[in-house]
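K.L.:
Sharing a model that was predicted from the sequence below.
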Amino acid sequence: MPSYYWNVKIFDDMATKDLFSKFRLGYIFLWLFAVSCQFEVTDNKHVIINTLMRHAQMIKAEQVEYGILLEIRSPYTNEVSHYLLQDSITQVPDDFTKFQKIKTPLKGLIALSSTQWTPLLKIGKEHLILGISESGFVYDSVMKELLAKGSVLDVMKNGILDFEKTISLQPELILYSPGLEVSIDQLKRTGLPLFMWPDYLENSPLGRAEWLRVIGWLTGEEAVTEAWFDHIENEYFKLKSLISDTMPKATIMSDKAFNEQWYVPGGKSYLATIFKDAGADYIWKGNNITGSVALDLETIISQASEADFWFVTHFTDAPYSYEDLKNENEIYAGFKAFRNRKIIFCNTFRTAYFETSQFQPHVVLADFIAILHPHLLPEHKPVYHQLLKEEIHDE
Amino acid sequence: MTNKRLVSVFLLIGLGIIILMMANIFWGSVLIDPQTVIQILFFNDEGLTGESLIIWDYRIPQLLVAVFAGAGLAVAGLLLQTLFRNPLADPSILGISSGASLGVALLLFFSGSFAGTVISSLGWIGSLGISLAAMAGAVAVLFVLMAASSRVNHIVSLLIIGIMIAYLAGALTGLLRFYSRKEDIQAFVIWGMGTFSGVSRMQIPYFVSAISVGLIFSIYLSKSLNMLLLGERYAENLGLNTHLITRLIILLAGYLTAVITAYAGPIAFIGLAVPHIARNLFKTSNHLVLIPASIGTGIILALVCNLIARLPGFEGSLPINAVTSLIGAPFVIAVILRQHKSNSIVS
């Protein structure tokens, strides 16, 4: 074995990888050196040409000479799925057996989450979508039309898979979200190729948006998706740079009681990152939780009732006002943000929040900056979030 | 009932079962034309991979689960109604289904942090996780009941203990729900709706043989069951070891319920309703007739419910539990009203 072999990053070797990640620039040079030497790849090691993801944590993507290697981990079961995306069928070494091979560009797939089919619609690949799930919650008018025409079928309702319909669609791939293991067991029984998509577990706004790049690789539209994501990233950083460390920061709290429990976003969650980047001081920024934490009402009152701002989402097709909020719980009316009419509101029913906000983290950020620091973005028109209006909140 | 009539009613039930089985194979949320179905069933299925998969891996396993779950639950219900001499007894009354629910709740609610990791690392057992958890919960309750049955003399005391266990398990399940993730609650709700389609083709032989053993054993018990109908004391005077028979009946009913709940979820109502329908249909209390009658009626009810759950518009997402009660309850009411009208009392 030639000695320069050891100078390249090895996909399977965790220790080597950790070591090299500390000397990123160094190993790029080593890689150039290795390429110029025309090295040979032995059976059980792969040469990484490029590491692809910049923000997402749930997925590792590496460009290798056979295609793109993906390693996706479900945090619920710690199950790791390996995929190899190939645009042409090439002979691959035997040790690639643990990788599920996917021939790209795909010709037809089932996208069980709206965050998978939304980017497909945006890049004009709606003809690839054979099936989706929970069509009753679809907001997008194009998707509604596709469903009405019957060119897209609803294959899962209330978490129960329609086995026969799914089989009859013969998709090349089913994109699914981990978490609901009952549904996943049903999916596995179809014997169809599955692709895990834990995008909603990413705790950074750019990490969540970055999953659209995977859509590009799967459909052969990477030129479009790369440019799209670069734009999102630029816009986000531009907005974030408006906020300086020395600026005065208003305190913010989040959510409201649900079944006696009050779930607040953890200090390392997606929303906590948005709050921080928008120049707010999040009450629970101190904890290390990436998901949400259940707190009781007394804790909330003692820690957060004097917060300057209060972020509330609500799913309703009726107008929503301070009065409605008060009717849910009298205690709310005593909160400082309620008294001062500083409630940041998002109606998840009347906006495409669940479908598109993931791909517009810069818009979400701009919404918050415009509310928290109005002088920074005086021209901004709110898209998802705005201050709850006094009387009737009817967009 | 004369022997001739008995035979003809059984023949009718048999015919009904055959027709319903065919309907279950030919009918589904995807339309496959009958010729194709026949070709897949009896000839080669070359070039028909999708359709063949639907028939062999989905419709037929689902049909077999409906048949054996319907039969098993009906027999379990009959055994318990006879044992407790209570027309309201059913497989859920002893807390066995509640135990299964608790097992599943424990699995789901701790799956993220602990059990999930353990289960997924066990490989093939992982996909059976929920079945195993339900089985473990049901068997645990069954053991408690067996232990209790050796200490209490009265069947009514045992019944009360069973109901209390059901409350306890229900309360613990409620507590777990309160502290769990949204996805896990959803998974639990889905499991609780019951389904005949949860058993894969690979698991079918195990399920079918496990239930068959129980059904055959129940016929062997029918003579003792007939004696029990006279009352515990009479049965003892006739030389029946009532203590042993009580334990055997609980073990058998519990075993059937545990296996079915593990694979199909807690399916309500079949166990309660079918024995009533069978008694009225055959107008007898002889268990040599009642057990096969309950098996046949249970199969028919389960197959009808399975068909209804797949009607267009529901697309297989209609919970089987809702259907069994929707179909079963009016039927039992009608049977009872008719029985009062004709003034014939079920003995």
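P.N.:
Thanks, I have the structure now.
K.L.:
just for the stretch 151-300 of chain A, where's the confidence low?
P.N.:
Along the stretch 151-300 of chain A, the model assigns pLDDT under 70 to residues A:180-182, A:259-260.
K.L.:
Strands along that one, start to end?
P.N.:
A:153-157, A:160-161, A:173-176, A:194-196, A:250-254, A:257-258, A:261-265, A:280-282, A:292-295 (DSSP state E, counting those that start in this stretch).
K.L.:
Now render these as CSV, adding distance to chain B and mean neighbour count.
P.N.:
All C-beta atoms are positioned from the backbone trio N, CA, C, and that covers glycine. Shown next, in CSV, are those (distance: least, C-beta to the nearest C-beta, whole Å; neighbours: other C-beta atoms under 10 Å in any protein chain shown):
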stretch, distance to chain B, mean neighbour count
strand A:153-157, 4, 21
strand A:160-161, 5, 23
strand A:173-176, 13, 23
strand A:194-196, 13, 20
strand A:250-254, 17, 22
strand A:257-258, 10, 13
strand A:261-265, 8, 21
strand A:280-282, 22, 23
strand A:292-295, 8, 16
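K.L.:
Count residues in the vicinity of residue B:279, would you?
P.N.:
Each residue near residue B:279 was counted by other C-beta atoms under 10 Å in any protein chain shown, and the total is 23.
K.L.:
Double-check it against residue B:291; I have them as touching.
P.N.:
No. The criterion here is C-beta atoms under 8 Å, and residue B:279 misses it with residue B:291 at 11.6 Å.
K.L.:
contacting residues around the residue nearest the centre of chain B?
P.N.:
For chain B, the residue nearest the mean C-alpha position is residue B:73 (3.0 Å; C-alpha atoms, centre = their mean). Residues in contact with residue B:73 (C-beta atoms under 8 Å, 6 or more residues apart in numbering or on different chains) are B:91, B:256, B:257, B:260, B:267, B:270, B:271, B:274, B:298, B:302.
K.L.:
Tell me which helix or strand the fourth one sits in.
P.N.:
Assigning secondary structure by DSSP states H and E places residue B:260 in helix B:242-264.
K.L.:
Can you give me the buried ones in that helix?
P.N.:
Residues B:242, B:245-264 are the ones in helix B:242-264 that count as buried (16 or more other C-beta atoms under 10 Å in any protein chain shown).
K.L.:
Just want the angle from the helix or strand that comes right after it to helix B:242-264.
P.N.:
Helices and strands here follow DSSP H and E; after helix B:242-264, the next one along the chain is helix B:270-282. Per axes from the mean of the first three to the mean of the last three C-alpha atoms, to 10 degrees, the angle that helix B:270-282 makes with helix B:242-264 is 110 degrees.
K.L.:
Mark out where each domain of chain A begins and ends.
P.N.:
By the assignment in automatic domain parsing, chain A contains the domains A:3-97, A:109-235, A:243-387.
K.L.:
Can you classify the residue lying closest to residue A:85 once chain neighbours are set aside as helix, strand or coil?
P.N.:
Nearest residue to residue A:85, sequence neighbours excluded (C-beta to C-beta, 6 or more residues apart in numbering or on different chains): residue A:68, at 4.3 Å. Under DSSP: H, G, I helix; E, B strand; the rest coil, the three-state class of residue A:68 is strand.
K.L.:
buried set for the helix or strand hosting residue B:157?
P.N.:
In this assignment (DSSP H and E), residue B:157 forms part of helix B:155-178. By 16+ other C-beta under 10 Å, the buried positions in helix B:155-178 come out as B:155, B:158-159, B:161-162, B:165-166, B:168-170, B:172-173, B:176-177.
K.L.:
out of the residues you listed, who's nearest residue A:147?
P.N.:
Residue A:147 lies nearest to residue B:177 out of those, by C-beta to C-beta, at 32.7 Å.
K.L.:
State the pLDDT value of that closest one.
P.N.:
pLDDT recorded at residue B:177 is 78.
K.L.:
can you tell me the helix or strand for the residue lying closest to it once chain neighbours are set aside?
P.N.:
Nearest residue to residue B:177, sequence neighbours excluded (C-beta to C-beta, 6+ apart): residue B:185, at 5.8 Å. Secondary structure assignment for residue B:185, by DSSP H and E: helix B:182-192.
K.L.:
Which SSE is immediately downstream of that helix?
P.N.:
helix B:204-220.
K.L.:
pLDDT of that next one, averaged?
P.N.:
Rounded mean pLDDT across helix B:204-220 is 93.
K.L.:
Run through who's touching that helix.
P.N.:
B:61, B:64-65, B:68-69, B:71-72, B:75, B:79, B:199, B:252, B:255-256, B:259-260, B:263, B:288, B:291-292, B:295.
K.L.:
which of these are buried?
P.N.:
Judged by 16+ other C-beta under 10 Å, buried ones among the contacts of helix B:204-220: B:61, B:64-65, B:68-69, B:71-72, B:75, B:79, B:199, B:252, B:255-256, B:259-260, B:263, B:291-292, B:295.
K.L.:
and the residues you listed near chain A, which?
P.N.:
With C-beta under 8 Å from any C-beta of the partner chain as the criterion, no member of the buried ones among the contacts of helix B:204-220 is in contact with chain A.
K.L.:
Could I get the full set of helices for the stretch 51-200 of chain A?
P.N.:
Counting by DSSP state H, counting those that start in this stretch, the stretch 51-200 of chain A has helices at residues A:114-122, A:141-149, A:163-169, A:181-189.
K.L.:
would you turn those into CSV with mean neighbour count and distance to residue A:263?
P.N.:
As requested, these are exported to CSV (neighbours: other C-beta atoms under 10 Å in any protein chain shown; distance: least, C-beta to C-beta, whole Å):
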stretch, mean neighbour count, distance to residue A:263
helix A:114-122, 23, 21
helix A:141-149, 14, 29
helix A:163-169, 23, 32
helix A:181-189, 21, 21
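K.L.:
Any chance of a markdown table for those helices, columns distance to chain B?
P.N.:
Listed next are these as a markdown table, based on distance: least, C-beta to the nearest C-beta, whole Å:
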| stretch | distance to chain B |
| --- | --- |
| helix A:114-122 | 16 |
| helix A:141-149 | 13 |
| helix A:163-169 | 4 |
| helix A:181-189 | 4 |
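K.L.:
among those, which is nearest residue B:51?
P.N.:
When the helices of the stretch 51-200 of chain A are compared by C-beta to C-beta, helix A:163-169 sits nearest residue B:51, at 8.0 Å.
K.L.:
where does the stretch 151-300 of chain B dip in pLDDT?
P.N.:
For the stretch 151-300 of chain B, the ranges with pLDDT under 70 are B:181-183.
K.L.:
Near chain A, which residues of it are found?
P.N.:
So the stretch 151-300 of chain B meets chain A at B:178, B:179, B:181, B:183, B:186, B:187, B:190, B:191, B:193, B:195, B:197, B:200 (C-beta under 8 Å from any C-beta).
K.L.:
State the helix or strand in which the closest residue to the second one other than its chain neighbours lies.
P.N.:
Taking C-beta to C-beta, 6+ apart as the measure, residue B:179 lies nearest to residue B:109, with 7.1 Å between them; neighbours along the chain are not counted. Assigning secondary structure by DSSP H and E places residue B:109 in helix B:96-111.
K.L.:
one step back: now list the buried members of the contacts of residue B:73.
P.N.:
Among the contacts of residue B:73, those classed as buried by 16+ other C-beta under 10 Å are B:91, B:256, B:257, B:260, B:267, B:270, B:271, B:274, B:298, B:302.
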